[in-house]
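> Next input, structure requested:
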Amino acid sequence: MEIITELEKDLLSHESKAALKATLAESGRLATEVFVTEGHQHKYGRSEIWSKYMELFTRERTERENNLIINYEHAKQVDDLKKANEAIKLKMEKEVKANAEKFGQLKSEAKMTKERLEEVKKSSEKREKASQEMLDKITEQMKTAREEDRAYYEQERERYRESIRAEQEARDNAEKMNAEKLSDLNATIQNLNSMMEKQRNLHQEQINELEEKLEEEGMWSSFLTTPNDCKIL
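Take a look at the predicted model:
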């Protein structure tokens, strides 16, 4: 037995060929390979030829259906991988945007903290300067004050000295609190940067893995075959 790609024109009558083509053409495919014994085509009658046609047609149809299923599953898998890839990229974009907003808020808060400290220091230094000027003035007045008034001047001097110490202490406390807050903000910023880096690395690994799978699927798809349409006799 051997495979030939075309039947001899006189193998079937014109009417039988037309009927066969009309039946098989509905599937969009007609098998053109028929097992025959070389040199003995005449031994097959119409029923035998029909049977062999249907055998080949069924085989080809099954092959086409299987390939369509394989191609569909492969295409769906590729589509799922692409969607997963896009989902990760979209998630990355959202996280980057959210982290950028957080980073901006932290930076802004740190800047405002420094600015508030500067305002507090300036106000405190201004009050301290005023107290120092009054202290100097009272000290100068004490030089010519009467003895009975010296206790009053001394009391006023102590009051201004206490005011100066209070301003200095207030600035020290403000600077300490400011330093602690800035330290906390910087730690939060560093943690945010570290988290962002980990997120980027994780997402990049996921993307690389998906793209590698997509590349493998692309290579694998080159081995998929879909039967070519056969010629109608």
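> For this structure, which residue occupies the most central location?
K89 (2.4 Å; Cα atoms, centre = their mean).
> where does that one land in three-state SS?
With DSSP: H, G, I helix; E, B strand; the rest coil as the basis, the three-state label of K89 is helix.
> ok, it touching Q206?
No: K89 is beyond contact range of Q206, at 9.7 Å (criterion: Cβ atoms under 8 Å). Glycine gets a C-beta too; all of them are placed from N, C-alpha and C.
> quick one, phi/psi of T144?
Phi and psi for T144, reported as degrees, to the nearest 10, are phi -110, psi 0.
> dump the residue contacts of the residue nearest to the centre of the chain.
With contact taken as Cβ atoms under 8 Å, 6 or more residues apart in numbering, K89 is in contact with H203, I207.
> Going forward, count from 16.
Sure thing, new numbering starts at 16, so read that last one as K104.
> And the pLDDT at it?
At K104, the model reports a pLDDT of 86.
> Ok, T128 next?
According to the model, T128 scores 89 on pLDDT.
> same thing with T73?
79.
> and the closest residue in space to K97 that isn't next to it in sequence, how far is that from Q92?
Distance criterion Cβ to Cβ, 6 or more residues apart in numbering; nearest residue to K97, sequence neighbours excluded, is L229 at 6.9 Å. To Q92, L229 is 10 Å away according to Cβ to Cβ, to the nearest Å.
> And the strands in the chain, which stretches?
Listed in chain order, the strands of the chain (DSSP state E) span 17-19, 49-51.
> low-confidence ranges in this protein?
For the chain, the stretches with pLDDT under 70 are 16-65, 232-248.
> ranges for the helices of it?
Per DSSP state H, the chain carries helices over the ranges 29-39, 61-157, 162-236.
> one step back: N100 is in contact with the residue nearest to K97, correct?
Yes: the pair L229 / N100 is scored as a contact, 7.3 Å apart, by Cβ under 8 Å.
> V135 reaches A189, doesn't it?
Yes: using Cβ under 8 Å, V135 is in contact with A189, at 4.8 Å.
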